[in-house]
Each structure stands twice: as C-alpha cells, then as structure tokens.
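Participant: A structural model of the following input is requested.
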Amino acid sequence: MLHPLIVVTYFGFHLTFVVPPAVGLTAASLSRPAREGADVPVGGLAAIVVLALLYTTPWDNYLIEQGVWHYGEGVVAGTIWHAPVEEYLFIALQPLVTALWLSRVHDGGDPGPTATVRNRVAGLLAGVAVGGVGAVLLSSDPTFYLGAILLWAAPVLAIQWAFGWPYLWHHRRVVAVGVAVPTLYFWVADRIALAQGIWVISETYTVGVDILGLPVEEALFFLVTNLFIVQGLVLYEWVIERWR
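Facilitator: So this is what the prediction gives:
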C-alpha cells in the first residue's frame, strides 16, 4: 500500500521526493561547513542547469509526442509544448540535488592527470560507440526508448570523456559515489511515481525488463543523467583549479 502522505500529482512528487533532499542537503551544507574546496560550484551548476534545459527539452518533448510515456489524468498543472511544467522543474532540480550531494563527497579539483591526444581520441570514440549502439536500437519499437536514451547521451559523454576521462578515472571513487547515491534515490522515487500512475511508460517502446518494477530504460535514464551532472561538475572544478 502506498504511503498516504505521498501526493499523487507531479507537483506532489516534487514536494515529496525532490524538495526534501534539496532542502536537507542545503541545510547540511550551511550547518556543517564544507571542507575547503568542497562547496557547490555555483557557476558550474548554473551552466549545467541551463544546458540540461536546452538539451533535454526537445528530446523530452519528442518522446512524449511519440508516446514513449504519458502522464496520468489530472496529475499535472499544465503543459508547455508537450511536457508538463513540472517536467521542466524536474530537469532543473535534479542537477541541484545531485550537485549538493556531490559537494559532500568531493574535495574539489586538483591538478590530476592531463589527457593526451590519444586519450582524447579514445574518449571521443567511446562516446561515438554509445551513440552507435543507440542508433541501432532505435530501429526497433521494443528498444526505441533505450536507443533514444543512448543516442541522446552520446554527444555529452563523448565531449566529457574526450575532454578528461583520465581525470574522471583519477577520481573514479568520487564519481561512483556521486552518481550512485542520487541514482538509487531517484530510482526509488521513479518507481513510486510509476506505481501511482503519475507517469506511464509505454510497453510498446520498452523491452519489458524491470528492476523491482522499474523499467530498465528508466534506470538507465537516471544513471546517465546523474553521470552527466557529476562528470560535468568534477571536470568544471578541474578546469577552475588549473586556471588559478
């Protein structure tokens, strides 16, 4: 049985699952001063939020238009294009939650290893390979959503890995913890939202494999988006440190 305090609207989802960790992590940052160099990089976070909105909005609206997912009746306040207004809020707030969490586990940038030309080419090709797999998966209805996620993710991953995958590997424990915790948290939140019918994933465009009721496509989405955020912020701090 679902918890009676959980509000069955998209806005209620934010109040239940997004606002509390954002407020709690902010309060923790204020009450327990972060280690030197461990503050939230406001400039990097602002850039990621803007880029997330610009990059995700067309993709998100296209998939809604294609019927990859839809929303329950009466659970959204309104729509802009095809997406609910709460969706844009989610796109903006998820980076904030993940960034606040990352600031608790990351000490800030250090010089670290520098990527060689060979490293950059390898990182770029790895991102291209992700996109290639995504393009292949797009050709079939059951793998369409998986393909759309991978193809959408590929350019960002290619840029980040080409720019500094050796540095990300140097901080692999921070990256892993920074990604894993918010990803697991949003997996649980997403699973509850699906159970309540706030959003519904099409069976036509998914492979039908789930993790305790969470479609693997949704699991991959939150893994990839948190990877974007964490890698982006770790690389941002690295660049700032090198400029000082």
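Participant: hey, let's count contacts and neighbours off CA atoms from now on
Facilitator: Fine.
Participant: I48 is in contact with V230, isn't it?
Facilitator: No - with contact defined as CA atoms under 8 Å, I48 does not count as touching V230 (10.0 Å).
Participant: so for these two, which residue has more residues nearby?
Facilitator: V230 (26 against 20; other CA atoms under 10 Å).
Participant: residues touching the more buried one, list them.
Facilitator: By CA atoms under 8 Å, 6 or more residues apart in numbering, the contact set of V230 is T98, A99, L102, V175, G178, V179.
Participant: and the third one, how many neighbours does it have?
Facilitator: Spelled out, that is L102. Count around L102 with other CA under 10 Å applied: 26.
Participant: tell me which element it falls in.
Facilitator: helix 85-105 (DSSP states H and E).
Participant: what residues of that helix count as buried?
Facilitator: 85-88, 90-105 (16 or more other CA atoms under 10 Å).
Participant: so where do the strands sit in the chain?
Facilitator: Counting by DSSP state E, the segments of the chain that form strands are 69-71, 79-80, 83-84, 199-201, 210-211, 214-215.
Participant: nearest residue to V216 other than its sequence neighbours?
Facilitator: D210 (5.2 Å; CA to CA, 6 or more residues apart in numbering).
Participant: would you mind writing the CA trace of stretch 85-94 as PDB?
Facilitator: Provided in PDB are the C-alpha atoms of stretch 85-94 (Å, rounded to 0.1, in the frame of the first residue of the first chain):
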ATOM      1  CA  VAL A  85       5.600  22.400 -16.400                       C
ATOM      2  CA  GLU A  86       6.700  20.100 -13.600                       C
ATOM      3  CA  GLU A  87       8.900  18.200 -16.000                       C
ATOM      4  CA  TYR A  88      10.900  21.400 -16.700                       C
ATOM      5  CA  LEU A  89      11.100  21.900 -12.900                       C
ATOM      6  CA  PHE A  90      12.500  18.300 -12.500                       C
ATOM      7  CA  ILE A  91      15.100  18.900 -15.200                       C
ATOM      8  CA  ALA A  92      16.300  21.900 -13.300                       C
ATOM      9  CA  LEU A  93      16.100  20.500  -9.800                       C
ATOM     10  CA  GLN A  94      17.700  17.100 -10.300                       C
END
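Participant: lovely, talk soon.
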